[in-house]
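Trainee: got a structure for you, letters missing:
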Ligand SMILES: NC(=O)C1=CN([C@@H]2O[C@H](COP(=O)(O)OP(=O)(O)OC[C@H]3O[C@@H](n4cnc5c(N)ncnc54)[C@H](O)[C@@H]3O)[C@@H](O)[C@H]2O)[C@@H](O)CC1
Ligand SMILES: Nc1ncnc2c1ncn2[C@@H]1O[C@H](COP(=O)(O)OP(=O)(O)O)[C@@H](O)[C@H]1O
Ligand SMILES: [K+]
């Protein structure tokens, strides 16, 4: 699913008005009515105090339409105009007038701190102060009002975007935005909703389709996407009846050290459950019986040393004779000099795209000279700390995206930024995951992900698609697991266990949205 910038959405608004054609006031009525219906469906006429804060631009205009519709349906509404300027938009003014038709209670003007209303936890607050037209950080008494609303700890619904938050740039100052519990956003997700620094502000969100120009939405070029089920299905390759295991690739998982062999078990198992035809684990000698006992389906090759990875020529010859389709390196290896040398040797002797995880990434960060030896389009799977070691620190989330894109382009690599809404970065293109939950913040879940990506590359998916599909399925497996065993109860093994269910779910009929 495409994620549009605020400039593109403003363009889409304008084109819709021209091409449909529809008057902008009618488009506002249509958009805000859709929001009203969502609210009405949830509240079902509940007699709770609803307090709507409207700005003086079109976001405020939306707020006035919502207020009018709610009043018409018998809700207890108080409408406030946050009168930070006299430059009111045309459609705001029309709706400011229209609300008179449904109530004798004229909206209350807020012109400064003395006008702030008393709010309680029991209020239902609708935030329609600023939308995409926000062009500088909020300041002065409007910022105070935002803090006043946040302090009430009442349920807060934001229209289009929590007021104060930007769609395509970072928030300059903490607390300078509404902390919404829920955001109903028009037509497209806003990038900032998916970034960790917005966590306190966005809450849950839902996209409302307001019927903007289809042609524009379909043809506009974007570089940001939301990885939904449809994005995965369109990339998925079904199996042929007469296929055999040789057609689904051979994954070599290389890593582990004394006391950290579980990471290799998890990754190797995930690569097989993900559909690879064959999997071979290359581990220190201490890992052989562990692997062979835990995972009879995998082949195991022991390197020369007992406790950590130190490959001699014989092991390297075995690796090259095996001709694995994909090599995955790095989990649980540690950073002994012999391991670093082994890794460097593997990089130089591998042609196909690899998957590099954990200590593989840490070694690259410590020895950037090795970056030039990584096969093109390899996938690096850092969590935020590993990413920082690799690309340096960032000022904010948008700067992190920019620096990761530059790194990806410079070295011709696919780089993941793992976390909630894991991002797959492929040059200029960013793919944000939609699945997963905090239950997955648990030891070994990254190892499972690296195994699934390797598996998909081995099955002939291009690296970017392998990463996109893998993060989605990994997150979905986490969601199924959390449903069964609670978020606290999720362990990395569950992600392997529920991976099959996540794959099956791709093709299950979905329940219609109510
Ligand atoms: N046809 C359309 O254009 C539609 C627009 N819609 C709504 O319109 C919104 C965008 O409306 P607008 O472009 O009027 O802008 P907003 O309503 O977001 O408000 C911006 C207004 O505040 C001023 N402003 C910006 N930053 C400020 C700051 N820090 N302090 C004080 N004032 C500031 C701007 O000069 C402008 O007057 C969308 O988010 C959406 O809610 C919807 O009604 C759907 C249709
Ligand atoms: N809050 C969260 N929501 C969704 N997914 C998460 C969350 N926290 C972690 N994850 C996922 O769990 C995995 C953790 O990876 P990583 O930190 O490398 O774990 P480990 O090193 O223990 O294997 C990543 O795929 C990440 O996206
Ligand atoms: K808003």
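Mentor: Alright, I've got the coordinates. Please read these numbers as outputs of a predicted model, since none were measured by experiment. Ligands and ions are numbered 1, 2, ... in the order given.

Trainee: Residue numbers of the stretch 401-514 of the chain in contact with ligand 2?
Mentor: Proximity of the stretch 401-514 of the chain to ligand 2 is confined to 418-420, 422, 436-438, 440-441, 443-447, 449, 474 under the rule C-beta under 6 Å from any ligand atom. C-beta coordinates here come from the backbone N, C-alpha and C atoms, glycine included.

Trainee: ok, of those residues, which one's closest to residue 10?
Mentor: residue 420 (28.2 Å; C-beta to C-beta).

Trainee: In contact with that closest one, which residues are there?
Mentor: Contact criterion C-beta atoms under 8 Å, 6 or more residues apart in numbering gives 196, 436, 438 as the residues in contact with residue 420.

Trainee: coming back round to it: could I have the buried ones of the residues of the stretch 401-514 of the chain next to ligand 2 as ChimeraX selection syntax?
Mentor: Listed next is the ChimeraX selection for buried residues among those, using 16 or more other C-beta atoms under 10 Å:
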select :418,419,420,422,436,440,444,445,446,447,449,474
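
Trainee: Of the residues of the stretch 401-514 of the chain next to ligand 2, which is the nearest to ligand 2?
Mentor: residue 446 (2.2 Å; C-beta to the nearest ligand atom).

Trainee: name the helices or strands packed onto the helix or strand where that closest one lies?
Mentor: Residue 446 is part of helix 445-458, with elements assigned from DSSP states H and E. Contacts of helix 445-458 with other secondary structure elements, assessed using 3 or more C-beta pairs under 8 Å, 6 or more residues apart in numbering; DSSP states H and E, are made with strand 250-254, helix 262-273, strand 326-329, strand 355-356, helix 358-366, helix 463-485, helix 492-497.

Trainee: Serialize these to TSV and add fields for mean pLDDT and distance to residue 345.
Mentor: Written out in TSV, the entries for those read as follows (pLDDT from 0 to 100; distance: least, C-beta to C-beta, whole Å):
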stretch	mean pLDDT	distance to residue 345
strand 250-254	98	11
helix 262-273	98	19
strand 326-329	98	11
strand 355-356	98	14
helix 358-366	98	12
helix 463-485	98	22
helix 492-497	98	29
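
Trainee: how far away is residue 507 from ligand 1?
Mentor: Using C-beta to the nearest ligand atom, to the nearest Å, one gets 36 Å for the distance from residue 507 to ligand 1.

Trainee: Could I get the contacting residues of that residue?
Mentor: If a contact means C-beta under 8 Å, 6+ apart, then residue 507 has residue 233 as its contacts.

Trainee: Same check on residue 182?
Mentor: In this structure, residue 182 makes contact with 155, 156, 157, 158, 203, 204, 205, 206, judged by C-beta under 8 Å, 6+ apart.

Trainee: ditto for residue 456
Mentor: Residue 456 makes contacts with 274, 275, 465, 466, 469, 470, as judged by C-beta under 8 Å, 6+ apart.

Trainee: Identify the residues contacting the nearest residue to it once chain neighbours are set aside.
Mentor: Of all residues not flanking residue 456 in the chain, residue 466 sits nearest, at 3.6 Å (C-beta to C-beta, 6 or more residues apart in numbering). The neighbours of residue 466, taking C-beta under 8 Å, 6+ apart as the test, are 379, 453, 456, 457.

Trainee: Equivalent analysis for residue 430, please.
Mentor: 223, 224, 225, 401, 405, 423, 424.

Trainee: which ones are touching the fifth one?
Mentor: The neighbourhood of residue 405, defined by C-beta under 8 Å, 6+ apart, consists of 425, 427, 428, 430.

Trainee: Give the helix, strand or coil label for it.
Mentor: Applying DSSP: H, G, I helix; E, B strand; the rest coil to residue 405 yields a three-state assignment of helix.

Trainee: Ok, the third one next?
Mentor: For residue 225, the reduced secondary structure class is strand; criterion used: three-state DSSP.

Trainee: Dihedrals phi and psi, residue 141?
Mentor: As for residue 141, its main-chain torsions (degrees, to the nearest 10) stand at phi -70, psi -20.

Trainee: no wait, residue 52
Mentor: Given degrees, to the nearest 10, the pair of backbone angles that residue 52 has is phi -110, psi 120.

Trainee: what number of residues lie near it?
Mentor: The local packing of residue 52 (other C-beta atoms under 10 Å) involves 26 other residues.

Trainee: bridging residues for it?
Mentor: Beta-bridge partners of residue 52, counted by DSSP bridges, are residue 79, residue 126.

Trainee: what's the distance between it and residue 80?
Mentor: 7 Å (C-beta to C-beta, to the nearest Å).

Trainee: Also residue 243?
Mentor: Taken as C-beta to C-beta, the span from residue 243 to residue 80 is 64 Å.

Trainee: Residue 158 now?
Mentor: When C-beta to C-beta is applied, the distance between residue 158 and residue 80 equals 15 Å.

Trainee: Neighbour count: the two, which is higher?
Mentor: The residue with the greater number of neighbours, taking residue 158 and residue 80 and applying other C-beta under 10 Å, is residue 158; the counts read 30 against 23.

Trainee: and the spatially closest residue to residue 451 that is not a sequence neighbour, what is it in contact with?
Mentor: Closest residue to residue 451 in three dimensions, ignoring its sequence neighbours and counting by C-beta to C-beta, 6+ apart: residue 270, at 3.0 Å. The neighbours of residue 270, taking C-beta under 8 Å, 6+ apart as the test, are 447, 448, 449, 450, 451, 452, 455, 495, 496, 499.

Trainee: cool, and residue 263?
Mentor: By C-beta under 8 Å, 6+ apart, the residues touching residue 263 are 255, 256, 331, 332, 358, 444, 447.

Trainee: got any ranges where this structure has weak pLDDT?
Mentor: Judged against pLDDT under 70, the low-scoring parts of the chain cover residues 513-514.

Trainee: Ligand 3 contacts on that one?
Mentor: Contact residues, the chain versus ligand 3 (C-beta under 5 Å from the ion): 127, 158, 159, 163.

Trainee: secondary structure element for residue 207?
Mentor: Per DSSP H and E: residue 207 is located in strand 204-208.
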